[in-house]
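J.: Sequence and predicted model, in that order:
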2 protein chains.
Amino acid sequence: MTHFIAVDIGGTQLRAACYVDDQRTPAYIDKIATQGPSTTPLERLIGLIAGIWPGDNCVEAIGVAAAGPTDPFAGILLDAPNIPGWDDFPLRQFLEDRFGVPVSLGNDANLAALGEWQYGSGKGYHHMIYITVSTGIGAGIIVDDRLLLGARGLAAELGHTSIVPDGPMCGCGRRGHLESMAAGPAIARWAEEQLNQGIPSILPAGQPLTAKDVGMAAFKGDQLAIEAIARSGHFLGKALANFVHIFNPTRVIIGGGVSRCGPLLLDPMRESLAEHVISHHYIDDLTIATAALGDEAGLMGALALAHGHAHK
Amino acid sequence: MTHFIAVDIGGTQLRAACYVDDQRTPAYIDKIATQGPSTTPLERLIGLIAGIWPGDNCVEAIGVAAAGPTDPFAGILLDAPNIPGWDDFPLRQFLEDRFGVPVSLGNDANLAALGEWQYGSGKGYHHMIYITVSTGIGAGIIVDDRLLLGARGLAAELGHTSIVPDGPMCGCGRRGHLESMAAGPAIARWAEEQLNQGIPSILPAGQPLTAKDVGMAAFKGDQLAIEAIARSGHFLGKALANFVHIFNPTRVIIGGGVSRCGPLLLDPMRESLAEHVISHHYIDDLTIATAALGDEAGLMGALALAHGHAHK
């Protein structure tokens, strides 16, 4: 038996799984909070991987998905949001020294796209855009059967493209990005603003909301909540028109927590896309779907990376 | 001797050139207006190619650059602006039947990018964005040493990405696209508006201007004209921030008539780009240059295509 290890490094949680041969269901899987009282994130990561390491020591490769900008060619985490001290951190070298097997790493949204393309909603498509909409907006793009990385692995930041000049401040410090208009916090903020203006809703006024609160109210038929989700879909569709003009894909996949709103998000998105494309040619052969792998997408992408590395 | 034929089909002009072996200077070159009183554009194209056909009949392949959306896989012109009757026109099959050699075709801006990458300002770069700014804005993108085409060859329409919602009407019928904000007509229109408001300038008020008029006034130091060019550079830089977040290239090339303004366009563009990128990583290794091939870029791209086809 040959094993492959997949690791997903998030700001709040570390996950690791061990897969046998070509299987897609992990033989072992474990998770731990990224930060803890008595150990560093690196110690916790090492312990997590050691804990799922197979007894026969027969590991072919490790694939790592990491939040934040990552240089997959140099194997370096460039900025690790929420993990102090991990900027410009040569994680690949460190893990290779520690575990003695080849290690590959990549940005988690990029790898989630790779996961969906290999094992999920993107199977069989040669040109695919994956967008994950949650607290932020990440993305990954398949161009002609290959993951778009760019010169240093920093490509596919679709969430950080400007769609409304001088719009709201984005998490990155710039204004009017898609992320600042359509991600979860933008949905919650708009709903709060409407409540403050006295618009009737089952949502409570005068207290902080989450996108999940809004999503649940929308499922119950609350008009304000439905409009808040639709507004996000509208901006996504508008930005998607730009992206299909740039990539001419045949598949678009929407993942992340906000995608759980399903048609409440996707129908307005499709309408807005159709309204903004410059030619029907861009949508004639285009299908749009929600992600199939859910929270597993990053881990599955790391697995695909581990397999790819092992096959090189 | 082996010959390669390159053809550039524009709305106003048809050009064809015959190259020997690996040479980049044409052995023969000719041009003709696309439309004429007594012959159809197709007859004119056939006559033009026949006129530069080598006497030894030893032609390896024909490469064709065509204005407008083109399906390079099917060899079809999808919409031919300014050439009535050429919509959904199977030009590849037609030319192969007529001339008996393999024919490849592509969109002219895509192929201009290919030309700059093979023979011009983009040589040696693996990740490159080429933008041509003239009456419209076209583009072509090299991703990992390959021309980005998308599923049906409709990719890289960077000029038709929205940067100002509800901005001015674009040639495509949508609003606020980069083309409507930064191409030649937008420069001329903004200068006219300023003149109408009484802003002093050496440019004549109350009459239609061209971007060339504005460019020449800018070279002479006219402040209004300099601002009109800088404004285009500003929007280009802002859009370019989106594009480098999407592609993470190491080379950006600006071509087309408006690029002749040189630093008057490129300096404000660089400033605006630096202001809008989310991280210095995107511009640390990025160089920006004007195109090297000028009006020959499309023809050179068609030549590259002919060579590529012949080598397949």
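T.: All right, it came through fine. Just so it is clear, the structure is predicted and the values come from calculations on it, not from any experiment. Numbering: from 1, shown residues only, chains lettered A, B, ... in the order given.

J.: going forward, measure contacts between C-alpha atoms and count neighbours the same way
T.: Noted.

J.: So which bits of the stretch 201-312 of chain A are right by chain B?
T.: A:239, A:241-250, A:276, A:278, A:282 (C-alpha under 8 Å from any C-alpha of the partner chain).

J.: Report the central residue of chain A.
T.: Per C-alpha atoms, centre = their mean, the C-alpha nearest to the average position across chain A is that of A:Ala109, at 3.5 Å.

J.: That one: what secondary structure?
T.: In three-state terms, and counting by DSSP: H, G, I helix; E, B strand; the rest coil, A:Ala109 is helix.

J.: wait, it sits on A:Gly138?
T.: Yes - taking C-alpha atoms under 8 Å as the definition, A:Ala109 is a contact partner of A:Gly138 at 5.3 Å.

J.: residues touching the residue nearest to A:Trp53 when sequence neighbours are not counted, list them.
T.: Leaving aside its sequence neighbours, A:Trp53 sits nearest to A:Cys18 (C-alpha to C-alpha, 6 or more residues apart in numbering or on different chains; 7.1 Å). Applying C-alpha atoms under 8 Å, 6 or more residues apart in numbering or on different chains to A:Cys18 gives the contacts A:3-6, A:26-29, A:52-54.

J.: starting at the chain centroid, how far to the longest helix along chain A?
T.: Scanning chain A for the helix with the most residues, using DSSP state H, yields helix A:223-247. Relative to the centre of its chain, helix A:223-247 is centred 17 Å away, using C-alpha atoms, centre = their mean, to the nearest Å.

J.: For that helix, buried residues please.
T.: For helix A:223-247, burial by neighbour count (16 or more other C-alpha atoms under 10 Å in any protein chain shown) applies to A:224-247.

J.: Next, the angle helix B:223-247 makes with it.
T.: Interaxial angle, helix A:223-247 versus helix B:223-247 (axes from the mean of the first three to the mean of the last three C-alpha atoms, to 10 degrees): 100 degrees.

J.: Would you check how far apart A:Ser162 and B:Leu178 are?
T.: As judged by C-alpha to C-alpha, to the nearest Å, A:Ser162 and B:Leu178 stand 12 Å apart.

J.: Sorry, wrong one. I was asking about A:Ile29.
T.: 48 Å.

J.: These two: which has the busier surroundings?
T.: Applying other C-alpha atoms under 10 Å in any protein chain shown to A:Ile29 and B:Leu178 shows that B:Leu178 carries more neighbours, namely 27 against 18.

J.: just checking, the more buried one touches B:Ala239?
T.: Yes - here B:Leu178 reaches B:Ala239: they are 7.1 Å apart, a contact under C-alpha under 8 Å.

J.: shared neighbours, the two?
T.: In contact with both B:Leu178 and B:Ala239: B:Ile163, using C-alpha under 8 Å, 6+ apart.

J.: Now do stretch A:38-51, average pLDDT.
T.: When pLDDT is averaged along stretch A:38-51, the result is 95.

J.: What number of residues are in the vicinity of A:Val164?
T.: Neighbour count for A:Val164, taken as other C-alpha under 10 Å: 18.

J.: Quick check: which element contains the residue of chain A most remote from its centre?
T.: What lies farthest from the middle of chain A is A:Gly198; by C-alpha atoms, centre = their mean that is 34.7 Å. Assigned by DSSP states H and E, A:Gly198 falls within no helix or strand.

J.: can you pull the pLDDT of A:His311?
T.: pLDDT, read off for A:His311, is 46.

J.: Find the nearest non-adjacent residue to A:Gln93, please.
T.: Among residues not flanking A:Gln93 along the chain, A:Gly75 sits closest, at 7.1 Å (C-alpha to C-alpha, 6+ apart).

J.: quick revisit: shared neighbours of A:Ser162 and B:Leu178, which are they?
T.: By C-alpha under 8 Å, 6+ apart, the residues touching both A:Ser162 and B:Leu178 are B:163, B:239.

J.: CA atoms of the helix or strand that the longest helix of chain A is followed by as PDB?
T.: As assigned by DSSP H and E, the chain's next helix or strand after helix A:223-247 is strand A:251-255. Below are the C-alpha coordinates for strand A:251-255, written out as PDB (Å, rounded to 0.1, in the frame of the first residue of the first chain):
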ATOM      1  CA  ARG A 251     -17.900  25.500 -16.300                       C
ATOM      2  CA  VAL A 252     -18.300  27.900 -13.300                       C
ATOM      3  CA  ILE A 253     -18.500  26.400  -9.800                       C
ATOM      4  CA  ILE A 254     -19.600  28.400  -6.800                       C
ATOM      5  CA  GLY A 255     -18.400  27.100  -3.400                       C
END
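
J.: Where do the strands of chain A begin and end?
T.: Using DSSP state E, the strands of chain A run over residues A:3-9, A:13-20, A:28-33, A:59-66, A:70-71, A:76-77, A:103-107, A:128-133, A:137-143, A:146-147, A:251-255, A:287-290.

J.: Give me the distance between the second one and the centre of its chain.
T.: The reference is to strand A:13-20. Relative to its chain's centre, strand A:13-20 lies at 17 Å (C-alpha atoms, centre = their mean).

J.: try the fifth one
T.: On the basis of C-alpha atoms, centre = their mean, the separation between the geometric centre of strand A:70-71 and that of its chain is 15 Å.

J.: buried residues in the helix or strand bottoming out on mean pLDDT in chain A?
T.: When the helices and strands of chain A are scored by mean pLDDT, DSSP states H and E, helix A:297-311 comes last with a mean of 86. The neighbour-count check on helix A:297-311 (16+ other C-alpha under 10 Å) flags A:297-307, A:309-310 as buried.

J.: likewise stretch A:265-285?
T.: Result for stretch A:265-285 [16+ other C-alpha under 10 Å]: buried residues A:265-266, A:268-270, A:272-274, A:276-278, A:282-283.

J.: Quick check: A:Asp30 touching A:Leu48?
T.: Yes - contact criterion C-alpha under 8 Å: A:Asp30 and A:Leu48 qualify, at 7.0 Å.

J.: Can you check which residues contact both of these two?
T.: Between them, A:Asp30 and A:Leu48 share the contacting residues A:15-16, judged by C-alpha under 8 Å, 6+ apart.

J.: where in chain A is pLDDT low?
T.: Within chain A, the set of residues satisfying pLDDT under 70 comprises A:309-312.

J.: Would you tell me which residues of the stretch 1-150 of chain A are close to chain B?
T.: By C-alpha under 8 Å from any C-alpha, the residues of the stretch 1-150 of chain A that approach chain B are A:126-127, A:143-144, A:148-150.
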